[in-house]
Structures are given as structure tokens and as C-alpha cells.
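Colleague: just need the structure, nothing else, for what follows:
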Amino acid sequence: MSGRTAIVASAGHGIGHGAAATSCALSRAGASVVLAARDGQALAALAAELGAAGGQAVAVPTDLASPVSVRRLVEQTLGAFGRLDAACNDIACRPAASGAAAPCAAAGCDGGCDCAAQVRGLSLALKYEIQAMRRTGGCIVNLVPSGAPRAAVIEMTREAALDLAGSGVRVNAVATGPVAGPLAGAGVGPGGAEIGPDGGVDGVAHTVLWLCSDAASAITGRALYARSGPCRDSSGLRPRK
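Modeller: Below is the predicted model:
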């Protein structure tokens with residue numbers, strides 16, 4: 001990933017801090033990383049950690065539910081580095097607004113989460129990231145949340161990949177933890193790809209890094225599952241035969 005630039009949305013938190021681990025993996029691989037989330041203090045701390053390890057990271061406090069804020073994030077990325085090659089979107093759950101007319105009724109939601117806001121946030125991130133990547137090509141990886149938005153994120157990933165076929169922009173998704181429904185199976189994603197023994201947040205980070213690399217240049221529209229278990233290394237990643 002040397003010479004490339006990556007945005008990591010919700011880098012300060014997320015699915016078991018999967019986005020933060022992904023930031024570290026991308027930085028170790030040589031990418032310049034733009035960290036985005038609402039918590040500027042957490043972003044600054046992570047940027048300092050990556051810098052101390054020899055990486056290049058910029059913290060950009062961003063409200064991922066705001067079109068203006070997300071557009072500014074991408075503009076600042078292009079202004080600082082001149083290009084956007086990769087993005088990892090971990091759109092964190094927003095608490096449901098107090099006094100809401102009714103709790104979320106989607107399957108798998110406990111009622112305390114604004115699931116629609118998660119989906120809108122991902123849609124915004126995809127819109128502006130894709131606009132920037134059309135210039136140079138690139139890869140977007142959406143981290144799949146648990147609960148109600150899970151199926152929606154996978155479907156949005158597939159639709160975006162189909163729309164972008166032949167454009168040089170690839171879109172994939174990564175999930176971890178217990179699975180059911182569209183991701184059921186022993187480590188087999190619905191696109192037919194299998195993830196080896198990696199697991200946990202490091203397993204997610206390895207998978208995202210692999211998808212963003214040239215080694216996965218032919219893969220798009222896939223939802224991959226990083227199995228739970230002790231993390232080893234990215235050698236566990238292999239296409240399903």
C-alpha cells in the first residue's frame with residue numbers, strides 16, 4: 001500500500017474497534033491513513049500512535065451522518081494527499097433519538113439503535129468516496145454491523161459493486177463474529193470466498209488490507225466472513241475453490 005491513501009471511517013471505535021485495528025494494518029503496509037470519526041480526541045491519539053510507529057496519519061473529526069462533513073472529509077483527503085485509493089467504512093450505531101415516535105422495528109434490533117441512520121451514513125460515505133476514486137480507481141470495504149442493518153449493508157455493497165463494474169472501483173464487505181442468514185456457513189461468504197483462521201479485530205484488519213491490495217484486484221461485490229478465533233496472519237486468506 002506504499003504511496004496510497006486510505007480513509008478509515010469510525011476509526012476511533014466500531015465493531016470491536018475493528019476500524020482502529022484496520023488503520024494500524026493499513027499504516028504498517030505503507031498507506032497514508034486519514035482517520036475519521038466524531039471523537040477528535042480519540043482520533044488524535046490514534047494518529048499519534050501511528051506516527052510514532054513510523055506511519056503517516058491525519059485525524060479529521062467527521063460527523064458521518066452529515067453530507068457536508070463527509071464531503072469535507074474527502075476534500076481534505078484529496079487536498080492533503082492528492083488521491084484516495086482505499087476506504088474502510090465502519091458506520092457505528094447511533095442511539096435512537098429520545099421521544100422518537102416508535103423504536104426501530106427491524107429484525108435483530110433491540111430498539112435502542114437508529115438503524116436507518118447507520119444505513120444513511122454508509123450511503124453518504126460511499127457517495128463521496130466513489131466520486132474521488134473514479135479518478136484513480138480504488139477499493140472500498142464496508143464493515144458489516146450486527147443486528148438489523150447487516151443485510152442492508154451487504155446489499156448496498158453488492159449494488160454499488162454492480163454499478164461500478166468496469167470503473168476501476170471495487171466495493172466489498174467484511175463481517176466477523178457469530179453469523180446467521182446471508183453469512184451463515186463455516187467461514188464462507190455469500191460471494192463464495194472463504195476466510196482462513198484469522199479472527200477478531202485483527203482478522204478483520206488483515207481481511208480489509210488484503211481486499212485493498214493488488215492481490216484482490218479481481219474481487220468485488222463480495223461479503224467475506226472473518227471467523228472468530230485467535231489471529232494468525234493474512235496467509236490464512238484464500239479464495240474458495
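Colleague: so which helix or strand takes in the nearest residue to Ala65 once chain neighbours are set aside?
Modeller: Among residues not flanking Ala65 along the chain, Gly121 sits closest, at 5.1 Å (C-beta to C-beta, 6 or more residues apart in numbering). Bear in mind the C-beta positions are built from the backbone N, C-alpha and C, glycine included. Secondary structure from DSSP states H and E places Gly121 in helix 115-133.
Colleague: report the helix or strand with the lowest average pLDDT across this protein.
Modeller: Ranking every helix and strand in the chain by mean pLDDT, DSSP states H and E puts strand 237-238 at the bottom, with a mean of 35.
Colleague: separation between the spatially closest residue to Ala59 that is not a sequence neighbour and Asp90?
Modeller: Excluding the flanking residues, the one nearest Ala59 by C-beta to C-beta, 6+ apart is Leu43, at 3.7 Å. Here Leu43 is placed at a distance of 13 Å from Asp90 (C-beta to C-beta, to the nearest Å).
Colleague: between those two, which has more neighbouring residues?
Modeller: Neighbour totals were compared for Leu43 and Asp90, and Asp90 leads with 31 against 25 (other C-beta atoms under 10 Å).
Colleague: who's in contact with that one?
Modeller: Applying C-beta atoms under 8 Å, 6 or more residues apart in numbering, we find Asp90 in contact with 8-11, 14-15, 18-19, 22, 143.
Colleague: please enumerate the helices of this protein.
Modeller: 18-28, 40-52, 67-81, 115-133, 149-163, 200-212 (DSSP state H).
Colleague: could I get those as CSV with mean pLDDT and distance to Cys139?
Modeller: Output for the helices of the chain, formatted as CSV (pLDDT from 0 to 100; distance: least, C-beta to C-beta, whole Å):
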stretch, mean pLDDT, distance to Cys139
helix 18-28, 88, 11
helix 40-52, 91, 20
helix 67-81, 96, 15
helix 115-133, 90, 8
helix 149-163, 92, 10
helix 200-212, 86, 5
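Colleague: out of the ones you listed, which gets nearest to Val174?
Modeller: Shortest distance between Val174 and the helices of the chain, using C-beta to C-beta, is found for helix 200-212: 4.9 Å.
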